[in-house]
Structures are given as structure tokens and as C-alpha cells.
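Participant: Turn this into a structure:
(4 chains)
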There are 2 protein chains.
Amino acid sequence: MTIRLSDTDHKPEPGRCVHDYQLHCGNCQLNSICLPLTLETDDVEQLDSIIQRSKPLQKGQFLYRQEDAFSSVYAVRSGAIKAYNTTDDGREQVTGFYFPGEILGMDGIGTNHHASTAKALETSAVCEIPFSSLEKLSAQLPSLQRHFFQLMSREITEDQQLITLLSKNSADERVASLMLSISIRNAKRKLSATHFRLPMSRVDIGNYLGLTVETVSRVFGRMQKMSILSVDNKEIEILDPKGLQRLANLLH
Amino acid sequence: MTIRLSDTDHKPEPGRCVHDYQLHCGNCQLNSICLPLTLETDDVEQLDSIIQRSKPLQKGQFLYRQEDAFSSVYAVRSGAIKAYNTTDDGREQVTGFYFPGEILGMDGIGTNHHASTAKALETSAVCEIPFSSLEKLSAQLPSLQRHFFQLMSREITEDQQLITLLSKNSADERVASLMLSISIRNAKRKLSATHFRLPMSRVDIGNYLGLTVETVSRVFGRMQKMSILSVDNKEIEILDPKGLQRLANLLH
DNA sequence: GCCACACCTTGACATAAATCAAGGTTCTGC
DNA sequence: GCAGAACCTTGATTTATGTCAAGGTGTGGC
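Facilitator: Numbering: from 1, shown residues only, chains lettered A, B, ... in the order given. Next comes the predicted model:
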């Protein structure tokens, strides 16, 4: 259960693909949805130089824990991470799922301590971006400063959409919205928008959406019966995208 | 229903207090909880020079509306503002109440359009902070950049706390938490932590907390019966702070 | 290849909060 | 100071989702 981020003695095995460890922002396929988005080539190199890449996290390992001192934000390179809060009375609330190209950890900036715990849902690689370096570089590169402000702002609007979902929508609408969100985010990464494997358990989905496992399971059952989804354990196929949007209440 | 922010021909009436219109960040009593928090005297003056103050908003007037082009963030100087999202199907979700010293409008940075509508709950004065100026100044003043990153981060963690509240807590716990939040924010402004007037309606409270008006009203009734609160319409007195914390589930 | 455990599904029942309904109170404009 | 509107309260009833319970399925370790 050790965090391996600082482990640097990794030697690529002969004959094994090592591109993960030679990756730079400039040639990363995710850079169109990640931090370097709006940067010029020279600026990307500067950003690249502050980013630390490391060995992948295994399923169940922690990227950071609630109350840990905050020092970096992280970009997911591969895999999937869940972030969750633990309340005083020990209950957990999943606040987000992070897929490749997405940034997490910004909730620690305000207090210098992480306000949530981040855990790998499957084997995942992340880029660590030391915040102090990011701050300095941001002051020099207006487009980076702007971009980071925008990322944080988007995190705010996404949280507010989740607030609305939890407060106003039925179990079916919530699950449909999550499936659509994952579908859209897959499409952005040039993956199938209609056929994917969920990295998280039903418990995690329920926790994120404010529902019990049983309810999530029943909703999947109903959607399957309505031929909107085909659900085979964690394999999801969206059979009727319009129907799913209608269920999510996104189609007038 | 006009927004009066750009109205500048105000002439102080003789014998009427005009200090609102001569206020600077340097002498503002709220500056310990507002933007200038960590700035040196010279820097405060620079910040002060970009801030636009204006005539107060009357109750019901809009500071900005969802979809409006984003150009500024706002600090509340007096009164109270509510922010809410309107969904595609016309339902509203209150995402926050903003009191003096608090900053709103940051949800517009990500897309250059406001993601919510901000409406005055009572006569309110605000300071308008043009974002382009704030960005430029932030690049020059590291402590301002840091402070603004922190403000956005705190907005994220607060939204995540609301997510947890909506997802995991009962009606009583939600209402108790809101009362405590208002009490704590009042204390920060050197106002009474135990006796205050709610600027928002029961409908707004219910909307914010994901409850109906009837439920909110019944919860207040119950708390009154338990001698935790004294509720006289919008006048609230916290009779038993410990009891309220226990109800909010914040006391082990 | 099998055991154990975590994960998922389905059914029966309980319940918190929503909905529906009616009446009371407070505020606002004239 | 009055009329109308907006706001708030309280009661009776319904309902979506939670809880409890039991059994099925997939998966990783040995």
C-alpha cells in the first residue's frame, strides 16, 4: 500500500514497451485536453520540464490522502482515479472520477492540505505537477495562468452540475447522466462513445450519485429492459443514445 | 430590472452617509476576508485601482445572468446575493448564498460565459473586479495570484461539501448545517453568531438544500420544539449551538 | 482448478420526504 | 390602511428510494 511516486530506480525491461517513461507533453496524445492545451511549443517545453512522471499506481493505491500536505496537482495519463471525501463520522462521498487528460488535486490549494483522497481504480499512470513550479511558470506565461484559472473554474461548474443532479434528479436521471458523461469524455479521447468498460464498482457509482448499490443495479436493469443500454457487468454498450439523453433529461 | 452597475452619475444627497461610495480596499472592514487578504499596502492600492464600485443593487435585481459574457468577478460589500443555475428543462438550482466579503462569479472563467445567475436577495452593494485586470495584476503580484488560486480552490471544496450534504444527509442535518454555516460566516464579519436575519426565503433554502418548502418549514418547526432554534419568520436565534452541531452531525 | 471473497442482482418491506391541499401570515403598492 | 400577492405553516396521503435479506457471479491467489 506504499505510494510509489518517488520511486525512481525503474529500469525498463528488455523487449517491453517503455514509451510511458519517455513521454513528454509535446508528444503526449492527451495534450489537447490537458494542461498544455493553449501553449506555444517553447512554453510546452518549459511546462514539460517541471512535470514529474513516475511508475504507475496499482489498483487500490493512493495518489494522495485527505489531510496530506498539498504540494502538487496531477494529470491522469492512463487508467482511472476516484476522489472522495471522508466525513467526520466516517462516511465517504465520491466527488469525482478522473480519466486520462484530466487534472485532479486542485482542492488542496485553498488550505495547503488535500481535501479529498485519490485512489486508483485500476493500474494508472499520472503526471505530477509541483504546484509551486506551476505558480511561478503561470506568472510568466499568461496563457498558462489563464488556462489553469479556466481548469479550476470548470471544476467549479462541474461540481455545481453534480449538485443540481443530486438535488433535482431521479435515480434514472442520475445514472443516465453519468453514462453520458463517461461517453462524452471517451469521445474526447478518441475512444468509443458507445462501448466502454466502467473502471468503478456499482458501490462507487452509487456513492458518487447519492444512491445505494441496489438502486444503481435496478436502474441498470431497467435501462437494459428498455434497450437503452446493454449491461454485462462492467461492460456497457449504449444502444440508444437519444433515449439515454431523454432519460437524463437533457433532451427537452 | 436594469443592472445599474455602469451608472456613475450618482450624487450624494446632503446629510446622507456616503461612505459606501468613497470606500477603498485599504480602509474596507471586509478586507480581512476578501481579496486583499495577503497583500502589502502598495499592492492593495494597485488592486484598489482596478476595482469598480457602483450604486447598490435593489432586491431582485441581477448582477449577472447565466449565458452572459463573463468579464468580472464580484465581491459582496453589503447585503446578500444568491447564485443559481437554470437547467434545460427550466428548473432552478441555488448553488450558493454570498455574504459581505465573499467573492462570486468565478464560474464564468472556464467558458467566458457565466454558468449561473446572480440575484440580489436584498439591497446589496458589490465591488466589480474586471477579470482581465485581475489576471494581469496576478502575474505581477505572486501573493495575489496565490490568493486567487486559493479562493477558487475553496469554492471547489465548499461545493464538494454541499455535494456530500445533499448526497448523504437528512433534511434535519442539511438545514442544521446551513444555519451553522451562516452563523460561522457572521462571526467572521464580527456579527452575532447566534442571532441573525435570514436574507433568503424558505423556497431558496429548500432549493439550495434539495428539499421542498414544506420540509424546510417542518424542520424549523421541529428545531423550535427541541429548543435548538428560535424561529420567528426570518429572524433566527440559535439557542443551543452544541445541539445544532450535533444535529448537523458535526459533533462525533 | 478450486476456494474465498468481493461484487452484483433481485425481492419484500419500511420510511423519509414529496405531493396535494388548505389556511394563516407578512409584505407591498396604492 | 387596505387589497392582493407572496410567503409560510400544518395535515393527510403517496411514492421513490432505502433497508434488509438471500442468492448468484466473477476473480485472484494458491
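Participant: Can you show me the helices along the stretch 1-150 of chain A?
Facilitator: Using DSSP state H, counting those that start in this stretch, the helices of the stretch 1-150 of chain A run over A:19-22, A:41-50, A:131-140, A:142-168.
Participant: Can you pull the poorly scored residue ranges out of the stretch 1-150 of chain A?
Facilitator: Applying pLDDT under 70 to the stretch 1-150 of chain A picks out residues A:1-22, A:36.
Participant: Where does it get nearest to DNA strand D, which residue?
Facilitator: Closest to DNA strand D within the stretch 1-150 of chain A is A:Lys59: 8.8 Å, counting by CB to the nearest atom of the strand. The C-beta positions use only the backbone N, C-alpha and C, and glycine is treated the same way.
Participant: That residue and chain B: what is the separation?
Facilitator: A:Lys59 sits at a distance of 24 Å from chain B (criterion: CB to the nearest CB, to the nearest Å).
Participant: isn't that residue right up against A:Leu121?
Facilitator: Yes - counting by CB atoms under 8 Å, A:Leu121 is a contact partner of A:Lys59 at 6.8 Å.
Participant: Which positions in the stretch 51-200 of chain A make contact with DNA strand D?
Facilitator: Residues of the stretch 51-200 of chain A lying near DNA strand D by CB under 7 Å from any atom of the strand: A:Ser170, A:Ala171, A:Asp172.
Participant: Just the buried subset of those, please.
Facilitator: Taking 16 or more other CB atoms under 10 Å in any protein chain shown as the criterion, what is buried in these is A:Ala171, A:Asp172.
Participant: Could I get the contacting residues of the spatially most central residue of chain A?
Facilitator: The structure's chain A has its C-alpha centroid closest to A:Tyr98; by CA atoms, centre = their mean the separation is 0.7 Å. Going by CB atoms under 8 Å, 6 or more residues apart in numbering or on different chains, A:Tyr98 touches A:Val76, A:Ala80, A:Ile81, A:Lys82, A:Ala83, A:Leu104, A:Ala118.
Participant: Out of the residues you listed, which end up buried?
Facilitator: A:Val76, A:Ala80, A:Ile81, A:Lys82, A:Ala83, A:Leu104, A:Ala118.
Participant: would you list the residues you listed in JSON lines and tack on distance to B:Asp204?
Facilitator: JSON lines is the format used below for the buried ones among the contacts of A:Tyr98 (distance: CB to CB, whole Å):
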{"residue": "A:Val76", "distance to B:Asp204": "37"}
{"residue": "A:Ala80", "distance to B:Asp204": "37"}
{"residue": "A:Ile81", "distance to B:Asp204": "35"}
{"residue": "A:Lys82", "distance to B:Asp204": "32"}
{"residue": "A:Ala83", "distance to B:Asp204": "29"}
{"residue": "A:Leu104", "distance to B:Asp204": "32"}
{"residue": "A:Ala118", "distance to B:Asp204": "34"}
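Participant: Which of the residues you listed fall within strands?
Facilitator: Among the buried ones among the contacts of A:Tyr98, the ones falling in strands (DSSP state E) are A:Val76, A:Ile81, A:Lys82, A:Ala83, A:Leu104, A:Ala118.
Participant: which one of the residues you listed sits closest to B:Phe148?
Facilitator: A:Leu104 (19.9 Å; CB to CB).
Participant: Skipping its backbone neighbours, what lies nearest that closest one in space?
Facilitator: Distances taken as CB to CB, 6 or more residues apart in numbering or on different chains place A:Tyr98 nearest to A:Leu104, at 4.7 Å, with adjacent residues excluded.
Participant: who does that neighbour bridge with?
Facilitator: Applying DSSP bridges to A:Tyr98 gives these bridge partners: A:Ile81.
Participant: can you tell me how far it sits from chain B?
Facilitator: Taking CB to the nearest CB, one finds A:Tyr98 at 14 Å from chain B.
Participant: And A:Gly210, by the same measure?
Facilitator: With the distance defined as CB to the nearest CB, A:Gly210 ends up 3 Å from chain B.
Participant: With just CA atoms, put stretch A:179-195 into CSV.
Facilitator: Extracted C-alpha coordinates of stretch A:179-195, given in CSV (Å, rounded to 0.1, in the frame of the first residue of the first chain):
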residue,chain,number,x,y,z
MET,A,179,-23.2,7.2,-18.5
LEU,A,180,-23.5,10.1,-20.9
SER,A,181,-20.7,12.0,-19.1
ILE,A,182,-18.4,9.0,-19.5
SER,A,183,-19.4,8.6,-23.1
ILE,A,184,-18.6,12.2,-23.9
ARG,A,185,-15.3,12.1,-22.2
ASN,A,186,-14.4,8.9,-24.0
ALA,A,187,-15.2,10.6,-27.3
LYS,A,188,-12.9,13.4,-26.4
ARG,A,189,-10.1,10.9,-26.1
LYS,A,190,-11.0,9.3,-29.5
LEU,A,191,-12.4,6.2,-27.8
SER,A,192,-15.8,4.7,-28.4
ALA,A,193,-18.6,6.8,-27.2
THR,A,194,-21.0,3.8,-27.2
HIS,A,195,-19.0,0.9,-25.9
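Participant: close to chain B, is that stretch?
Facilitator: No - under the criterion of CB under 8 Å from any CB of the partner chain, stretch A:179-195 makes no contact with chain B; the nearest approach is 13.0 Å.
Participant: Does that stretch reach DNA strand C?
Facilitator: No - Stretch A:179-195 lies out of reach of DNA strand C by CB under 7 Å from any atom of the strand, never closer than 13.3 Å.
Participant: my guess is A:Ser133 meets A:Ile50, correct?
Facilitator: Yes - taking contacts as CB under 8 Å, A:Ser133 lies within contact range of A:Ile50: 3.9 Å.
Participant: Spit out the residues that contact these two alike.
Facilitator: Common contacts of A:Ser133 and A:Ile50 (CB under 8 Å, 6+ apart): none found.
Participant: rewinding a little: ok, the contacts of A:Tyr98 vs B:Asp43, which is closest?
Facilitator: Of all the contacts of A:Tyr98, B:Asp43 sits closest to A:Leu104, with 31.4 Å by CB to CB.
Participant: for that closest one, which residues make a bridge with it?
Facilitator: Beta-bridge pairing of A:Leu104 under DSSP bridges involves A:Tyr74.
Participant: Let me see the residues that make contact with stretch A:124-139.
Facilitator: Here stretch A:124-139 makes contact (CB under 8 Å, 6+ apart) with A:5, A:20, A:35, A:46-47, A:50-54, A:56-57, A:63, A:70-81, A:109, A:144-145, A:148, B:138-140, B:142, B:145-146, B:149.
Participant: and with 7 Å instead?
Facilitator: The set of residues external to stretch A:124-139 that reach it, using CB atoms under 7 Å, 6 or more residues apart in numbering or on different chains, is A:5, A:20, A:46-47, A:50-54, A:56-57, A:63, A:70-81, A:109, A:144-145, A:148, B:139, B:142, B:145-146.
Participant: among these, which ones are buried?
Facilitator: Buried by 16+ other CB under 10 Å: A:5, A:46-47, A:50-51, A:53-54, A:56-57, A:63, A:70, A:72-77, A:79-81, A:109, A:144-145, A:148, B:139, B:145-146, out of the contacts of stretch A:124-139.
Participant: what about the nearest residue to A:Leu57 once chain neighbours are set aside, how many residues close to it?
Facilitator: Nearest residue to A:Leu57 in three dimensions, chain neighbours excluded: A:Ala120, at 4.1 Å (CB to CB, 6+ apart). Close neighbours of A:Ala120, defined as other CB atoms under 10 Å in any protein chain shown, add up to 22.
Participant: Let me see the contact set for A:Ala120.
Facilitator: A:Leu57, A:Gln58, A:Lys59, A:Gly60, A:Gln61, A:Leu63, A:Gly79, A:Ile81 are the contacts of A:Ala120 under CB under 7 Å, 6+ apart.
Participant: Mind telling me what element A:Val231 is part of?
Facilitator: Using DSSP states H and E, the element containing A:Val231 is strand A:229-232.
Participant: No more questions from me, cheers.
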